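Participant: fold the following for me, if possible:
(chains A and B)
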Amino acid sequence: MDNLDTLKSELMDAVNAAPDLATLEQIRVTALGKKGKITAKMKDLGTMDPEARRTAGQALNVLKDEVATALDARKVAMEDDALNAQLTEQRVDISLPVRPEEEGRIHPISQTIDEMVAILGEMGMTVAEGPNIEDDWHNFTALNIPPDHPARQEHDTFYLPGDVENRKVLRTHTSPVQIRTMMNNKPPFRIIVPGRTYRCDYDATHSPMFHQIEGLWIDEKTHMGHLKGCIIEFCRALFGVEDLPVRFRPSYFPFTEPSAEVDIGCIRENGQIRIGRGDDWMEILGCGMVNPNVLENCGIDSTKYQGFAFGMGVERMAMLKYGIPDLRTFYESDLRWLRHYGFSVLDVPSMVGGLNR
Amino acid sequence: MKFTVGWLKEHLDTQATLNQIVEKLTMVGLEVEKVTDRAKGLETFVVGYVVEAKQHPNADRLRVCQVDTGTEKVELVCGAPNAKTGMRGVFAPGGSYIPGTNITLKPTEIRGVMSNGMLLSEREMGISDEHDGIIELNENAKIGDRVVDVMGLNDPIIEIAITPNRGDCLGVRGIARDLAAAGLGALKPLANGPVPGTFKSPVQVHLNFDEATKSACPHFVGRYIRGVQNGESPQWLKDKLLAIGLRPISALVDITNLLTMDLGRPLHVFDVAHLDGDVQARMAKPGEKLLALNGKEYTLGADMCVIADNSKVEALGGVMGGEASGCTETTTDVYVECAYFDPIRTATTGRKLQVISDARFRFERGVDPAFLETGMEIATRLIMDLCGGEPSEIVNAGTEANWKRDIALRPERIKTLGGIDIPLEEIERILIVLGFGVGGDNGLFKVAIPSWRSDIVGEACLVEEVVRIYGFDKIPVVPVRADSGLPQNALLADQKRHSQARRVLAKRGMVEAVTYSFLSNADADLFGGAPDSVKLVNPISSDLDVMRPSLLPNLLNAANRNAARGMNSVAMFEVGPQFKGDLPEDQLIIAAGIRTNQIGSKHWNQGPRTVDIFDAKADALAVLDDLGAPAARLQAIAEAPAWYHPGRSGALCLGPKNKLAYFGEIHPGLLKRMGIKGQVIGFEIFVDALPKPKAKPSARKPHLNLPQLHAVDRDFAFVVNDDVAASAIINAAIGTDKKLITNVSLFDVFSGGNLGKGKKSIAISVTMQPIEQTLTDAEIDAVAAKIIANVAKSTGGSLRG
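Facilitator: Coordinates of the predicted model:
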């Protein structure tokens, strides 16, 4: 048996020392091939007596397996080394920039409207829309602004051709959609109206076109407490400030009675405004209980139905929320501005997923 | 509206601090815009007595003054021409800050004399632009007293915004009344006893109107006062007017301004020497002229109410007096006018003539129609106090407008509309302090509206009055929620399409723009033109004078502006309205976009490429697909409006009539006219023209039938005439066996070579999906032969050899 040990160590040394796959194959043939050393010894078994053949046979089989395993292991190791050597050759500069993928942007006005709809939708309000070119009755008269009313002058209205009685106007607010909704449907009403509005005024803080969002909530029992509830929750959710102070000041609008303006808390420092609990106030919207005349103008029984309405500038809210300094830049379509202040496609506002990423 | 705290306290008995007053004003609806504390920074200045002022030894224009400051005697050098011995001036000690010159005083040697302080001009104090000399204080001013006290500067100025319904708060007294109701003190009684006249007025008043115009001036109170002396006003009156930004003129004029600001009661005083006979209120004759007190001449119209004498117009009723009969220092006999002018007519007149005045501002918001005679008595007393004279009996023309009315208030409406429980006695108290009369019984208030509250027209107004004074901040907050547990969808299906279109296009690399709904008529003409009905009468500028017929021109101009900033490749879209008329149905929501020049940028692995029509087609298809357009029925036809390239544009339709989108290259000639360089593609999607989404019975998707067998692909190349649409070949291939053929993709288009002129080769790959058993070669060959036959039949194409 000594010579089996010698053979084993001789073969194992050869396997371990083999420099390449060809040598390894040669060793396999030398040991296990038809004329291999182990094969030869297997053939010798036939000459032995049964007892010795059994013992020697077992030893030979063990040796055969060991050598075969060693050969395989060595082969796999060699192939791995060869592959690794080849892969190392294939190294790239991983700092190279990737292929560009252009992602677009959602305009902050659209995004802000989506945010507002997400909040107010949660309260059970649905979106209503109406035409940009309105008639005088829907834009003014029905809203309790009769032809002689001073408030008409304050609206800086754009007019379209026609005699004074019948001329169309570019809607000066989204409120005519309240009228259209109430005339064509039955109460209760819970609507939000986002849209383009127009005033004949252009300077650093006025644009001839801007956006408003309007809310209308009418039923048989809604009072000013509900108005406060709606607005306070809305402001806190929109600005993401849980303890945002919200203040209601008496004011005047022809279409509401009582009327209020709403201020939210802010901090002014270094010429910048931050929305939150501070020692200052920022006026953000107008609201009130719908004037009974407006309800009656729409054929709604004002002794039975009542409710609130509110309206605000979308750009103004976007400016306050996102720190956008200049109103006019919203419409300039400067790509640099749109990319900076715009929003990702995947940033879809919802109350469940959040209004901000 | 401006007033000082001291002025307010003439009407309001209160211990409230400035902060309490300011806070309460805002919370009752009189929004404080600004509080100016004029004393701030001036507290160290004291009354200095010039013991001696003598010529500076080394300077002609300077004087050396010995000044007694109450605590010491200091020597200073002064350059003012009016510095003289015995005067009292405003002394600023060394170390104090001079606001008007922005310097801090230090003892300085001026031409060899030490100067240890300064005597100040108004400009140096920062209270006006006056710099002709130093301030000369009243000789009764106590030496060493604080100048802010002596000059009345320790009285802060409050500026508030008055909403258009609160004409009654355009006088300090109205503001005081609101504050009294809100619990900040008590309204003091008004000293308004009559001044007996001693003679009958030689000037009478006539209201010369017809039935249609008599509302212009229904009531006119006049009074003749003779023997007045019209000098400067006393200091208290000048200080009051100056504090609120009015320039003192003469005692008579200042008195009218005082009544305007104090009681919201504008008056006018005519110099009788320049009046021709009686006074009349009438409508102007067209073309009549008036040189007004502001120095401007106005040409009047027949709808304007004037005050005239026998020969000419003397004043514009409720707006402004005339120069000719205005008071001067030589005036001795005056005629005082206290009238009621119609708010709407006053507003219209003022607007037409573009005259803004304190009187107009009040009349157009409604002055108290029951305060004419009282106003006259108060004015008379002031004139007699300040100018002397002897008043006539009052002349009364016309009658007080009928302002008396009652409004019923159900007290429970405070709760059911205002949202707050307020005790009955508090409701009553608030109304009474505000001047309302409260009667009624059985739990129903009968509220008498005071003459000065023309804005109160219904029960809701009374609820507002009570709740605003009680405090909006006290109304308990009630959350609002959807009527039924979870809210319904906020967006209707077709509204949702607009925001969906936005996100699809942004996902495709386009940036959303929001551009104006208007543009220039010239640009509109390039895109089909705008009908006259959407041309603005009063555009903000000629560049923005019509409503847009298409979204493309504004986007193209935006691209041009970006190109001017060096950004030559733009991918931009907008979702918004376009207008083909002024009716609601003429206003469509469109999703439109443009791409200019290149897609992508220089990159080591893949370079940029030039945009082409198929980018536009892809954009349009992506949106339509996402919005649920039925892909199988969607056809591309080579028809598009004139602003597209005639050979490289098309429309996507559902049937021949219903166009859902246009796409293509923008016409190069049009681009040239708009000054746009390079290649531009665009699309316009008629989002609202899509069939309304059908309500589905369930959200369930169709059953997925996964074939067990391998699909087989076969490639074909057909040679067809140039004008054959690729889609015709694809349709013919698919139509061969709609069950078996699941996909046809077009992978090569080739022309030229040995195909010959007017021919092209189209290569397609056809996928056959066996369902039950594997296709044999013979079966595949049979289908292929049918495909070739079908294509040949419908397009004339033959298999390429």
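
Participant: please, where are all the strands along the stretch 51-200 of chain B?
Facilitator: Taking DSSP state E, counting those that start in this stretch as the test, the strands found in the stretch 51-200 of chain B are B:63-68, B:73-78, B:88-93, B:97-98, B:103-104, B:108-110, B:113-115, B:117-119, B:157-161, B:186-187.

Participant: and the closest residue in space to B:H268 that isn't next to it in sequence, what element?
Facilitator: Leaving aside its sequence neighbours, B:H268 sits nearest to B:E337 (Cβ to Cβ, 6 or more residues apart in numbering or on different chains; 4.4 Å). The C-beta positions use only the backbone N, C-alpha and C, and glycine is treated the same way. Following DSSP states H and E, the helix or strand that holds B:E337 is strand B:334-340.

Participant: next one: B:G418
Facilitator: Here B:G418 is assigned to no helix or strand, by DSSP H and E.

Participant: picking that back up, now the strand holding B:E337: buried residues?
Facilitator: Residues B:334-340 are the ones in strand B:334-340 that count as buried (16 or more other Cβ atoms under 10 Å in any protein chain shown).

Participant: ok, residues contacting the longest helix seen in chain B?
Facilitator: Using DSSP state H to define each element, chain B has its longest helix at helix B:777-795. Residues from elsewhere that reach helix B:777-795 (Cβ atoms under 8 Å, 6 or more residues apart in numbering or on different chains): B:712, B:714, B:716, B:718, B:720, B:724, B:728-729, B:731-733, B:735-737, B:740-741, B:766, B:768, B:775, B:797-799.

Participant: what does the stretch 301-450 of chain B put close to chain A?
Facilitator: Listed as neighbours of chain A in the stretch 301-450 of chain B under the rule Cβ under 8 Å from any Cβ of the partner chain: B:344, B:347-348, B:351, B:364-365, B:415-420.

Participant: same thing but 6 Å
Facilitator: B:344, B:347, B:417-419 (Cβ under 6 Å from any Cβ of the partner chain).

Participant: mind putting these into JSON lines with neighbour count?
Facilitator: JSON lines is the format used below for these (neighbours: other Cβ atoms under 10 Å in any protein chain shown):
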{"residue": "B:I344", "neighbour count": "16"}
{"residue": "B:A347", "neighbour count": "21"}
{"residue": "B:L417", "neighbour count": "23"}
{"residue": "B:G418", "neighbour count": "23"}
{"residue": "B:G419", "neighbour count": "26"}
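
Participant: relative to B:E130, which of the residues you listed is nearest.
Facilitator: For those, the closest approach to B:E130 (Cβ to Cβ) belongs to B:A347, at 36.2 Å.

Participant: and the strand holding B:E337, what does it pack against?
Facilitator: On a contact count with 3 or more Cβ pairs under 6 Å, 6 or more residues apart in numbering or on different chains; DSSP states H and E, strand B:334-340 meets strand B:219-226, strand B:268-271, helix B:372-387.

Participant: show residues contacting it.
Facilitator: For strand B:334-340, the external contacting residues (Cβ atoms under 6 Å, 6 or more residues apart in numbering or on different chains) are B:203, B:217, B:219-225, B:228, B:267-270, B:272, B:369, B:372, B:375-376, B:379.

Participant: buried sites along the helix or strand just after it?
Facilitator: Once strand B:334-340 ends, the next helix or strand along the chain (criterion: DSSP H and E) is helix B:343-353. In terms of neighbour count (16+ other Cβ under 10 Å), helix B:343-353 has its buried residues at B:343-350, B:353.

Participant: name the nearest of the residues you listed relative to chain A.
Facilitator: B:I344 (4.3 Å; Cβ to the nearest Cβ).

Participant: shouldn't that closest one be in contact with A:D148?
Facilitator: Yes - using Cβ atoms under 6 Å, B:I344 makes contact with A:D148 at a distance of 4.3 Å.

Participant: quick one: mean pLDDT over stretch B:448-459.
Facilitator: Stretch B:448-459 shows a mean pLDDT of 96.

Participant: can you give me the buried ones in it?
Facilitator: Within stretch B:448-459, the residues scored as buried using 16+ other Cβ under 10 Å are B:449-459.

Participant: cool, and stretch B:540-553?
Facilitator: B:540, B:544-553.

Participant: rewinding a little: as JSON lines, the buried residues of strand B:334-340 with pLDDT would be great.
Facilitator: Putting the buried residues of strand B:334-340 into JSON lines (pLDDT from 0 to 100) gives the following:
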{"residue": "B:V334", "pLDDT": "96"}
{"residue": "B:Y335", "pLDDT": "97"}
{"residue": "B:V336", "pLDDT": "97"}
{"residue": "B:E337", "pLDDT": "96"}
{"residue": "B:C338", "pLDDT": "97"}
{"residue": "B:A339", "pLDDT": "97"}
{"residue": "B:Y340", "pLDDT": "97"}
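
Participant: give the burial count for B:M27, as a bare number.
Facilitator: 20 (other Cβ atoms under 10 Å in any protein chain shown).

Participant: quick check: it vs chain A, distance?
Facilitator: Distance, B:M27 to chain A, by Cβ to the nearest Cβ, to the nearest Å: 6 Å.

Participant: cool, B:E465 as well?
Facilitator: Using Cβ to the nearest Cβ, B:E465 is found at 9 Å from chain A.

Participant: what do you get for B:V46?
Facilitator: 34 Å.

Participant: who's that residue bridged to?
Facilitator: Listed beta-bridge partners, B:V46: B:F91, B:R146 (assigned using DSSP bridges).

Participant: so it touches B:F91, yeah?
Facilitator: Yes - between B:V46 and B:F91 there is a contact under Cβ under 6 Å: 5.4 Å.

Participant: list buried residues within the contacts of helix B:777-795.
Facilitator: Burial by neighbour count, 16+ other Cβ under 10 Å: within the contacts of helix B:777-795 this picks out B:712, B:716, B:718, B:720, B:724, B:728-729, B:731-733, B:736, B:740-741, B:766, B:768, B:775, B:797.

Participant: using TSV, lay out the strands of the stretch 51-200 of chain B together with distance to B:A618, mean pLDDT and mean neighbour count.
Facilitator: Below are these laid out as TSV (distance: least, Cβ to Cβ, whole Å; pLDDT from 0 to 100; neighbours: other Cβ atoms under 10 Å in any protein chain shown):
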stretch	distance to B:A618	mean pLDDT	mean neighbour count
strand B:63-68	88	92	22
strand B:73-78	84	91	20
strand B:88-93	77	93	25
strand B:97-98	70	92	16
strand B:103-104	70	91	11
strand B:108-110	80	87	13
strand B:113-115	83	88	17
strand B:117-119	79	91	26
strand B:157-161	54	96	18
strand B:186-187	75	97	16
